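sequence? don't have it. structure:
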């Protein structure tokens, strides 16, 4: 049970952070419209990249990394992105955007790739330590 909490609790906490941001009628913004758009889209990209990485980490804790786990992680993160936009449609002064789901989805792919690469490097490092020890 502790192992499940150790891996899945960060996923749910991060999803909660995303939900809280989406619940805000207005978020801080820049006077410069271009900068405001860039910051907002970057936030979407990073939020969902982190979420995807956490999901993959949680799935990975149960076994070896497989294409199926990547697909499950991608699906869960993108479904949450869609649900986030639906949620925003119910918040005053917020509007849902399919463009945001697209940006979230790109962030998901990058988050999964970064987690996979980081995991491979750390696993290789641990394997080298075992061989030397």
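Okay, I see it. All of these numbers come straight from a predicted model, not from anything done at the bench.

Could you say which helix or strand holds the closest residue in space to residue 112 that isn't next to it in sequence?
Among residues not flanking residue 112 along the chain, residue 52 sits closest, at 5.0 Å (CB to CB, 6 or more residues apart in numbering). Bear in mind the C-beta positions are built from the backbone N, C-alpha and C, glycine included. For residue 52, the element it lies in under DSSP states H and E is helix 33-60.

Equivalent analysis for residue 63, please.
Following DSSP H and E, there is no helix or strand that holds residue 63.

going forward, begin numbering at 564 instead of 1
Understood, numbering begins at 564; the last thing we discussed is residue 626.

ok, so what distance separates it from residue 599?
Plainly put, residue 626 is 43 Å away from residue 599 if you go by CB to CB, to the nearest Å.

Kindly report the same for residue 648.
Between residue 648 and residue 599 the computed distance is 19 Å (CB to CB).

More neighbours: which of those two?
Remark: of residue 648 and residue 599, residue 648 carries more neighbours, 18 against 14, as counted by other CB atoms under 10 Å.

Relative to residue 633, how far out is that one?
23 Å.

List the contacts of the residue nearest to residue 569 when sequence neighbours are not counted.
The shortest distance from residue 569 to any non-neighbouring residue, by CB to CB, 6+ apart, is to residue 624 (7.8 Å). Residue 624 makes contacts with 566, 569, 570, as judged by CB atoms under 8 Å, 6 or more residues apart in numbering.

okay, which residue is most central for this structure?
Nearest to the mean C-alpha position of the chain, counting by CA atoms, centre = their mean, stands residue 614 at 2.0 Å.

Report the residue spans of this structure with pLDDT below the cut-off.
Flagging of the chain using pLDDT under 70 yields the residue ranges 683-696.

all helices of this structure, in order?
With DSSP state H, the ranges of helices along the chain come out as 565-585, 596-623, 630-652, 661-695.

Return the most buried member of these.
Highest mean neighbour count among the helices of the chain (mean count of other CB atoms under 10 Å): helix 596-623, with a mean of 19.
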